[in-house]
Structures are given as structure tokens and as C-alpha cells.
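Chemist: requesting a structural model of the entry that follows:
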Amino acid sequence: MLRLFLSLILLCGAATLVGAAERRVPAETGALTSAIAGALPGDVLTLEPGLHAGPVTLDHAITLDGQGKATIDAGGVGSVVTITGSDITVRGLTLTGSGSDHDAIDSGVQITRSAARVLVEDNDILGNLYGVDVHGPKNATVRGNRIVGRTDHHMNSRGNGVYVWNAPGTIIEDNDIRLGRDGIFVNASNDGIFRRNLMRDLRFAVHYMYANNSEVSGNISIGNTLGFALMFSNRITVHDNLSLADRSHGLMLNYANNADIRGNLVRGGAEKCTFIYNAHRNLIYDNRFEGCEIGIHFTAGSERNAITGNAFVGNRTQVKYVGTKNVEWSYDGRGNYWSDHPAFDLDGNGIADASFRPNDLMDHILWSQPAASLLMGAPAVQLIRWSQKHFPASLPGGVLDSAPLMRPVLVTVPDTIAAMEAEAMTAARNRKTDDAPFDPLASH
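Modeler: Okay, here's the model as predicted:
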């Protein structure tokens, strides 16, 4: 009986494959809607070049393929393509003309919670409220798309390039995302992979909340207000990302715990290369933080983090840590590189012969009482600093690196990306904005 049942399943599958076909869809009024309604599971609908009317809904296993020459325009109503079924592919299309309803999350492509195993690839998704809304499906992939958002509202009132909500197993990779609000916004969604995306002219490149057991790797953030905001998440891996010419923060950990943060580069004038706020038990190593107002701001009781192998290069203030507790920033005999540490290495082991303390008592006073900066040239201040240097027992609690490195970790930037970085730096000097003052923690 079991053998007969299995044979019937195989026969049904074979019948489905035999019935599958490629069907040409002309760019004519009503043709796309009719073709979708009449398609069998497994069919490939090849849209002929030209304009096809939307919006459309895909509720069974078919492929829409525009071969890079067809456009679907929703005419300002709803989402351009809504996917409610499983095993569906949307590729090679220009998708435009969504509605403007934030409550409905009007998008270029909206994938609903009833869907699974959806692939959205190689599309131009242009001028929609949201680019792709991954709203509750399992194992969706959004790959190789060019997503350009709107500029018709203040940045905080626009939609996201890709919005992921409660969608386990999501993969977002190799997309070029520009304009709109956030590049990738992830909320309450575990086991995702977000890699090799290029994100420009946004509020956050990656905005990450309540997303556990996930990976953020190989992404590039250029000229955004904030690069990578990782919040309220556990056991995430964040490696080999670039934050270039981002303005407020390059990398922010807010209530992010047990993370592996490695091989990332932040450079180019951000207020803070890195902000660690109430984040615990993270391994932060072999990153490079360069050319920021503050290299790393470490606060709000963040504890039991291992910070080793990082390079702090040319930051106006290398570390901002306000506290009386001594915090050791070396691990297993390996500390960090500090560009302002006049170090010697007489035994040639790559570790400086003297420990390094990036902050002193006057730094703590300046952070808590900014008006004290008027006294920085006073002889009394210089006497305090001389005393602390020669009598370490007088130093306050703070960061101590007992094994500073003699050479910094290097993170290379491809020439094409460096050119985009230079363009963003020039644009930043001439930028005028009417957005409200930016506070990355205000809404959390």
C-alpha cells in the first residue's frame, strides 16, 4: 500500500512538470492578469517588452520573467506585485507605481505570511513607497535587485528598501539600495542572512531589531546618516562590512549581546565610529575605526566584552568611556592598535612594551562638563596630565590596554567603492537637510 501511495505521488509530480510551460505575455491591457489566472503550477510567464498593467497577485507556483525589458506599473494603487503563494519567482522586471499607504506597506514586491520559498531577483524596483516587503514568509530570497526609493517626503516619512518582519530563513543579498528611509529594516525575524548589499543616501543602511541567530556580512554603507544599527538582538555575526562617510555612527550595538563583530571598517568623519550601549558578552576584534570624532563610545554598563585586535586610527578622541571601573581591552595577551600611542617594541614580538590608557581625568571632566574645554591650555591642566602620566595610581578608572599592538589591521576598499566614498564626502560638505535632529536611540 505504501509503495502504491508513493507511486501516485511521483505520477502527480510528473504530470505537473509535463504540464508546465513557458507562456509569452504581450504588453496589452489585461493580458498579464489573464495569463496569471490561467497559468499552471510551474509555468514561466515571459513578459514581452513594454508596459504591463498592475497591480497583480501571485498565489501559486509560477515565474514572472521580464528578461530585463518589461515593466509592471501599479498606477499608484497598492503593491505592484503581491505574493501569497509558494515556490514563486519574480525576475528581470522593472516594478514601479506602488501606492503610498504605510499601513498597507505598499511595495514594489510584497511577500505575505502565507508564502514560502519565494525568489525576487535581478529586478529594477523604482520609486515605490517600500521596495520589497518580506512580511512573514519562510525562506524568502531577495537577490541582485536595484532598489531606488522616493524623495518626495522627509527621510523619516519614506519607506524602507527592504523590510523584513517575522520571516525566518530570509536571505537578502547583492542588492543595490538607494534613497528612501532605511536600506534594510529587520524586525522580529530570526535566522536571516544579509550580505553583500550596497546602500547609499539613507537614514540607516541596516536597522536591526529583535533578530537573533543572524548574519550581517560584506555589506557596504556609503554616505548614510548611520551605517549599521544592531539593536535588541542575540547571537548575531557581523563581519567584513564597510561604513564609509556615514555621518552619525558607523556601527552601533544597543542591547546586542553575544555577537561576533569582526573585520569591519568604519572611516570617514562619523561622529562616532562605534557606539556600544548596554551591550554585553560581545567579541569585537580585528576591526578598523578611522577618522571619526570618537573612535568608540562605550557606555551604559556594557560588560564582559572582549575587545582585541582592533585599530583605532586618527580619531580625534579614540575612546569615550565615562566610568570609574577599570576595563581591560586586551585578550589573551593581544590588545589593540592606537595611532596616538608612542610605542616601542624592543623584543620585536609585535606587542608594545608599555601599556596604553586612551583617557585621563581631564577627558572625564570634559565629557561631563564641556565648558571646561576653555581651561585646556591652563598650566594646572597640564600639571594634572603630567602627574597622571608619571604617577599612574592617580589615574581614574577607565580603559586600559595592557598589550597594545604595533601594527594596525588593514581592511581594503575596492577602487570603485572608494570613488563612491569620495563623492559622498564631497556631498556631505555641501548638504542641506530639513529633517528633524537625528537621535538613533530616540524611538527605541
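Chemist: all the helices of the stretch 251-400 of the chain, residue numbers only.
Modeler: Listed in chain order, the helices of the stretch 251-400 of the chain (DSSP state H, counting those that start in this stretch) span 361-368, 379-390.
Chemist: show me the contacts for I294.
Modeler: Counting by CB atoms under 8 Å, 6 or more residues apart in numbering, I294 touches 271-273, 315-320. C-beta coordinates here come from the backbone N, C-alpha and C atoms, glycine included.
Chemist: which pLDDT value belongs to it?
Modeler: I294 carries a pLDDT value of 94.
Chemist: and the strand ranked longest in the chain, what does it pack onto?
Modeler: For the chain, the longest strand by residue count, based on DSSP state E, is strand 63-73. Counting contacts by 3 or more CB pairs under 8 Å, 6 or more residues apart in numbering; DSSP states H and E, strand 63-73 is packed against strand 44-47, strand 50-53, strand 89-96.
Chemist: again, only this time at 6 Å
Modeler: Under the contact criterion of 3 or more CB pairs under 6 Å, 6 or more residues apart in numbering; DSSP states H and E, strand 63-73 touches strand 44-47, strand 89-96.
Chemist: tell me which of those sits most buried.
Modeler: The highest average neighbour count among these, using mean count of other CB atoms under 10 Å, belongs to strand 89-96 at a mean of 23.
Chemist: partners of the helix or strand just after that one in the sheet?
Modeler: Proceeding N to C from strand 89-96, the next assigned helix or strand is strand 107-111, under DSSP states H and E. The strands beside strand 107-111 in its sheet (DSSP bridges) come out as strand 81-83 (parallel), strand 130-135 (parallel).
Chemist: looking at these, which is buried most?
Modeler: Neighbour counts (mean count of other CB under 10 Å) averaged over each of these peak at strand 130-135, with a mean of 29.
Chemist: tell me how far the next helix or strand after that one lies from the chain's centre.
Modeler: Following strand 130-135 in sequence order, the next helix or strand is strand 141-143 (DSSP H and E). Once both centres are worked out by CA atoms, centre = their mean, to the nearest Å, strand 141-143 turns out to sit 15 Å from its chain's centre.
Chemist: list of residues touching whatever helix or strand comes next after strand 141-143?
Modeler: Note on strand 141-143: by DSSP H and E, the next helix or strand toward the C-terminus is strand 146-148. The contact list for strand 146-148 (CB atoms under 6 Å, 6 or more residues apart in numbering) reads 124-126, 131, 161, 176-179.
Chemist: how far away from the center of its chain is strand 146-148?
Modeler: The chain centroid and the centroid of strand 146-148 are separated by 15 Å under CA atoms, centre = their mean.
Chemist: strand partners of it, parallel vs antiparallel please.
Modeler: When DSSP bridges is applied, strand 146-148 pairs with strand 124-126 (parallel), strand 176-178 (parallel).
Chemist: need the ones you listed in JSON lines (columns: mean pLDDT).
Modeler: Output for the strands paired with strand 146-148, formatted as JSON lines (pLDDT from 0 to 100):
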{"stretch": "strand 124-126", "mean pLDDT": "98"}
{"stretch": "strand 176-178", "mean pLDDT": "98"}
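Chemist: can you lay out those strands as CSV showing distance to F356 and mean neighbour count?
Modeler: Output for the strands paired with strand 146-148, formatted as CSV (distance: least, CB to CB, whole Å; neighbours: other CB atoms under 10 Å):
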stretch, distance to F356, mean neighbour count
strand 124-126, 48, 23
strand 176-178, 39, 21
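Chemist: could you check how far I171 is from A140?
Modeler: 8 Å (CB to CB, to the nearest Å).
Chemist: neighbour count: these two, which is higher?
Modeler: A140 (27 against 17; other CB atoms under 10 Å).
Chemist: OK, contacts around that one?
Modeler: Here A140 is in contact with 111, 118, 134, 167, 170 (criterion: CB under 6 Å, 6+ apart).
Chemist: so the fourth one sits in a helix?
Modeler: No: the assignment for A167 by DSSP: H, G, I helix; E, B strand; the rest coil gives coil, which leaves it out of any helix.
Chemist: give me the below-cutoff pLDDT ranges for this protein.
Modeler: Residues of the chain that meet the criterion pLDDT under 70 lie in 1-19, 300-301, 322-324, 359-397, 431-444.
Chemist: so which of the contacts of I294 sit within strands?
Modeler: Here DSSP E is the test, and those give 272-273, 317-320 as lying in strands.
Chemist: highest neighbour count among the residues you listed?
Modeler: C273 leads the ones in strands among the contacts of I294 on contacts (other CB under 10 Å) with 33 neighbours.
Chemist: ok, back up a step: give the buried residues for the longest strand of the chain.
Modeler: Within strand 63-73, the residues that count as buried by 16 or more other CB atoms under 10 Å are 63-66, 70-73.
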